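**Student:** Build me a structure from this.
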Amino acid sequence: MKLTELAEIVEGDVEGNGQIEITGIGKIETAGRSEITFISNPLYEKFFETTEAGCVIVGREFEAKLKRKDVSILRVDDPYLSFIKLLEMFETNVDDELEGISDTSVIGEHTELGENIFIGEFVSIGRNCRIGTGTRIMSNCSIDTGTEIGNGCLINSNVSIYKDCRIGNNVIIHSGAVIGSDGFGFAKNNDGSYRKIPQTGNVVIEDNVEIGSNTSIDRATMGSTIIGKGVKIDNQVQIAHNVEIGENTVIAAQVGIAGSTKIGKRCMIAGQSGIVGHLTICDDVIIGAAVGVSKSITEPGIYTGYRARPHKEDLRNEIRIRNLEALEKRVSNLEGQIKKSE
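**Tutor:** Numbering: from 1, shown residues only. Below is the predicted model:
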């Protein structure tokens, strides 16, 4: 497409040659003359001087240190969101065109299959399931009895979905994820051994959720483990039984959330954080990387530290720790002065 056509799509203004043909999208470090790229982080502004891209998407306030006539500029309100919009437009995914059911798949009795679906090689679907219109289930997936999957979903290869789970529309589940495995529930007997507590609930995943590879979401002991609309979960995340996660919350890799914890809407949980069970975390909370959350959070804000506390408080404690050596010397000097005066 011509650059002027792309400018209309992202509601931007062209500076330079608007008639150049854009055939693809590239990184600013490696993009070619027929590709478009972007700058949203100031750290990447230095690459404007050396990029070979035909056009660079920038913010309204961007000022180049080096003026270049060979690189066009597309000014927009938000370079990152505009770039994503163009990525979606240029993306060509052959999987989107897949239809049909492989001869090697196995489908149980009384299972309903929607129109325009794709079921790949060696997929197993149990009895009394429902698969929605336009959903694609890739090879080697296992979908147990009574499970419902909505419209327009993508279930990547080697995903296991246990019985009676409910998955909404436009959900993406990446390879190796396990949905609906038993929660970690055991009762201690008098002799010290453990008795398994039946996990009789299910997992409910609402619309527009994306779940990363090798993530596990346990079924509820009773009721449902609930993943709200628009939630995005990274790889290798553990979500225990009866957890509830509010709409549009994002969770980075290697987070562990213990049972019956309720997380609010629009939260951001950074990698390797751990949240103990039976807590409540309110809406609009940001939890930093590798933070241990041991009590409920009732106020929106940023929480960091070994034990989660408000970010400013954690920074003050960090300063105190750094000043301990100087404080020790000061106390030692004061003690010496006291002894001399005595």
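
**Student:** Buried residues in stretch 146-153, which are they?
**Tutor:** In terms of neighbour count (16 or more other C-beta atoms under 10 Å), stretch 146-153 has its buried residues at 146-153. C-betas here are computed from N, CA, C, even on glycine.

**Student:** contacting residues around that stretch?
**Tutor:** Residues external to stretch 146-153 that are found in contact with it (C-beta atoms under 8 Å, 6 or more residues apart in numbering): 114, 126-137, 143, 155, 161-173, 180, 207.

**Student:** Show me which of those residues are buried.
**Tutor:** Buried among the contacts of stretch 146-153 (16+ other C-beta under 10 Å): 126, 129-132, 134-137, 143, 155, 161-173, 180, 207.

**Student:** hmm, back to that, wait, which of the buried residues of stretch 146-153 is closest to residue 38?
**Tutor:** residue 152 (27.9 Å; C-beta to C-beta).

**Student:** What separation is there between that closest one and residue 131?
**Tutor:** Residue 152 sits 11 Å away from residue 131, going by C-beta to C-beta, to the nearest Å.

**Student:** so who does residue 77 touch?
**Tutor:** So residue 77 contacts 11, 59-60 (C-beta under 8 Å, 6+ apart).

**Student:** what's the answer for residue 49, then?
**Tutor:** Residue 49 neighbours (C-beta under 8 Å, 6+ apart): 64-66, 68.

**Student:** Likewise for residue 47?
**Tutor:** 28-29, 39.

**Student:** just residue 162 next, same as before
**Tutor:** So residue 162 contacts 144, 147, 178-181, 203, 219 (C-beta under 8 Å, 6+ apart).

**Student:** Now render these as CSV, adding distance to residue 284, secondary structure and pLDDT.
**Tutor:** Compiled in CSV, those are given as follows (distance: C-beta to C-beta, whole Å; DSSP: H, G, I helix; E, B strand; the rest coil; pLDDT from 0 to 100):
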residue, distance to residue 284, secondary structure, pLDDT
144, 36, coil, 97
147, 33, coil, 98
178, 30, strand, 98
179, 27, strand, 98
180, 29, strand, 98
181, 30, strand, 97
203, 25, strand, 98
219, 28, coil, 98
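
**Student:** In CSV, list these along with distance to residue 304.
**Tutor:** Formatted as CSV, the contacts of residue 162 follow (distance: C-beta to C-beta, whole Å):
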residue, distance to residue 304
144, 40
147, 39
178, 30
179, 31
180, 33
181, 31
203, 30
219, 32
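
**Student:** Can you tell me which of those is nearest residue 98?
**Tutor:** Nearest to residue 98 among the contacts of residue 162: residue 147, at 20.6 Å, using C-beta to C-beta.

**Student:** Out of the buried residues of stretch 146-153, which two sit at the greatest distance?
**Tutor:** Farthest pair in those, by C-beta to C-beta: 146 and 152, 21.1 Å.

**Student:** For stretch 244-258, give the mean pLDDT please.
**Tutor:** Taken as a whole, stretch 244-258 has a mean pLDDT of 98.

**Student:** Wait, residue 244 touches residue 265, no?
**Tutor:** No. Contact criterion C-beta atoms under 8 Å: residue 244 and residue 265 do not qualify, at 10.9 Å.

**Student:** what's the overlap in contacts for these two?
**Tutor:** Listed contacts common to residue 244 and residue 265 are residue 228; contacts here mean C-beta under 8 Å, 6+ apart.

**Student:** How many residues are close by the nearest residue to residue 240 once chain neighbours are set aside?
**Tutor:** In space, residue 240 comes closest to residue 259 once its chain neighbours are excluded; the distance is 4.1 Å by C-beta to C-beta, 6 or more residues apart in numbering. Residue neighbour count, defined by other C-beta atoms under 10 Å, stands at 19 for residue 259.

**Student:** Distance of residue 259 relative to residue 226?
**Tutor:** Residue 259 is 13 Å from residue 226, by C-beta to C-beta.

**Student:** Now do the shared contacts for the two.
**Tutor:** With C-beta under 8 Å, 6+ apart, residue 259 and residue 226 have common neighbours residue 243.

**Student:** partner residues bridging residue 131?
**Tutor:** Counting by DSSP bridges, residue 131 is bridged to residue 113, residue 149.

**Student:** Please look at it and residue 118 and confirm they touch.
**Tutor:** No. The pair residue 131 / residue 118 is not scored as a contact, 10.0 Å apart, by C-beta under 8 Å.

**Student:** Overlap of the contact sets of these two?
**Tutor:** residue 137.

**Student:** Within the sheet, what are the partner strands of the helix or strand of the chain with the lowest mean pLDDT, with directions?
**Tutor:** Using mean pLDDT, DSSP states H and E, strand 309-310 stands out as the lowest-scoring helix or strand of the chain, at a mean of 81. Strand pairing for strand 309-310, determined by DSSP bridges: strand 301-304 (antiparallel).

**Student:** With adjacent residues omitted, what lies nearest to residue 108?
**Tutor:** Nearest one to residue 108, counting by C-beta to C-beta, 6+ apart, is residue 127 at 3.7 Å.

**Student:** any idea how far that neighbour is from residue 139?
**Tutor:** Distance of residue 127 to residue 139, computed by C-beta to C-beta: 21 Å.

**Student:** And residue 57, by the same measure?
**Tutor:** Residue 57 is 37 Å from residue 139, by C-beta to C-beta.
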